[in-house]
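Trainee: no sequence on hand, only this structure:
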Ligand code: CA
Ligand code: CA
């Protein structure tokens, strides 16, 4: 498999950046990724105060995908996620919910063993690996890898894990895909601003869909189709994700808006991805089983 080293990492999704690698549509590529602190916190006595906060949430890339053109959709199947035996979590003022309670920045090195992340003695959380940052170059100005948006980016959506396909709207030739910010575990909300942050690697298969039109990220898991949106408020993000799902249903499944919203209201779920990034991220999750009787393909 083609491997891209973590030395090729970026701190913004940018249509003007030079590709680190060019691959054919349908190729699999392994991205080696740095953790959200860019490896600056490795030990319990590393000082978080000395952190260079311009070096957060690096993404490895960008990968130029041949044949991807503006208006297309890049589909990214997550084939595997790997990481080592140590993660890090942190709390700090201005960083996450309850941050006012922490005048000093604190961090913990979190051992990963026996399928759990050990946060403190007697406090172990089951591993739930996921990808925090995944995206393509946005239309318009570059976007920091700390922020989510229509291009993807720091979506911090725990459904982005092995087996999930992420659909991203292409705004530039080649899409300029990048990903990073692995978490060994993260809950919906990511309330303290960090999951169990790990370096590692991500293997994906990238493909180009010219038959699909989306304006915001969409996910497909084994059981769900999920629209994702980010906005200043969680309310606005949830409403945009909901509108996007309704549009997909009416455009792709040939049902009326009336039936779509009733179906979504009765059988779908508004969910929270994260409430700590520069924009908030929400999603609308629709079980595939609710539309199985319609025939046709939502994606
Ligand atoms: Ca993140
Ligand atoms: Ca993170």
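Mentor: Here it is on my side, so go on. Source: prediction; values computed, not measured. Ligands and ions are numbered 1, 2, ... in the order given.
Trainee: residues from this protein in reach of ligand 2?
Mentor: Contact residues, the chain versus ligand 2 (Cβ under 5 Å from the ion): 36, 132, 181. For the C-beta atoms, the positions are set from N, CA and C on the backbone; glycine is no exception.
Trainee: the residues you listed also near ligand 1: which ones?
Mentor: Within the residues of the chain next to ligand 2, those near ligand 1 by Cβ under 5 Å from the ion are 132, 181.
Trainee: any chance of the residues of the chain next to ligand 2 in a markdown table with distance to residue 68, pLDDT and secondary structure as columns?
Mentor: Below are those laid out as a markdown table (distance: Cβ to Cβ, whole Å; pLDDT from 0 to 100; DSSP: H, G, I helix; E, B strand; the rest coil):
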| residue | distance to residue 68 | pLDDT | secondary structure |
| --- | --- | --- | --- |
| 36 | 27 | 94 | coil |
| 132 | 23 | 98 | strand |
| 181 | 22 | 97 | strand |
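Trainee: show me what from the protein comes close to ligand 1.
Mentor: Applying Cβ under 5 Å from the ion, we find that the chain lies next to ligand 1 at 132, 154, 156, 181.
Trainee: how about the helices of the stretch 101-250 of the chain, start to end?
Mentor: Taking DSSP state H, counting those that start in this stretch, the helices of the stretch 101-250 of the chain run over residues 234-253.
Trainee: okay, strands next: where are they in it?
Mentor: In the stretch 101-250 of the chain, the strands defined using DSSP state E, counting those that start in this stretch lie at 106-113, 116-120, 123-126, 130-135, 143-144, 148-149, 152-154, 165-169, 177-183, 197-198, 200-209, 218-220, 224-231.
Trainee: now what about the first one, what contacts it?
Mentor: Counting by Cβ atoms under 8 Å, 6 or more residues apart in numbering, the neighbours of strand 106-113 from elsewhere in the structure are 41-44, 46, 48, 83-92, 117-120, 127, 184, 196, 198.
Trainee: next: stretch 40-50.
Mentor: With contact meaning Cβ under 8 Å, 6+ apart, stretch 40-50 is reached by 35, 51, 52, 55, 88, 90, 92, 105, 106, 107, 108, 109.
Trainee: pLDDT score for residue 44?
Mentor: pLDDT recorded at residue 44 is 88.
Trainee: quick one: it and residue 86, what's the gap?
Mentor: When distance is defined by Cβ to Cβ, to the nearest Å, residue 44 is 11 Å away from residue 86.
Trainee: between the two, point out the one with more neighbours.
Mentor: Taking neighbours as other Cβ atoms under 10 Å, residue 44 and residue 86 compare with residue 86 leading, 19 against 9.
Trainee: list the contacts of the more buried one.
Mentor: Applying Cβ under 8 Å, 6+ apart to residue 86 gives the contacts 109, 110, 111, 112, 198.
Trainee: out of the residues you listed, which comes closest to ligand 2?
Mentor: Ligand 2 lies nearest to residue 198 out of the contacts of residue 86, by Cβ to the ion, at 9.3 Å.
Trainee: the residue of the chain found nearest ligand 2: what's it in contact with?
Mentor: Relative to ligand 2, the nearest point of the chain is residue 36 (3.9 Å; Cβ to the ion). By Cβ under 8 Å, 6+ apart, the contact list for residue 36 reads 56, 57, 58, 132, 180, 181, 194, 197.
Trainee: neighbours of the third one, how many?
Mentor: Yep, that's residue 58 we're talking about. Counted by other Cβ under 10 Å, the residues lying close to residue 58 total 24.
Trainee: so it makes contact with residue 179?
Mentor: No. Applying Cβ atoms under 8 Å, one finds residue 58 not in contact with residue 179, separated by 10.2 Å.
Trainee: quick check: neighbours shared by those two?
Mentor: Residues touching both residue 58 and residue 179 (Cβ under 8 Å, 6+ apart) are residue 33.
Trainee: name the nearest residue to whichever residue of the stretch 51-200 of the chain sits closest to ligand 1, ignoring sequence neighbours.
Mentor: With Cβ to the ion, the shortest gap between the stretch 51-200 of the chain and ligand 1 falls at residue 132, namely 3.4 Å. Nearest non-adjacent residue to residue 132, counting by Cβ to Cβ, 6 or more residues apart in numbering: residue 181, 3.2 Å away.
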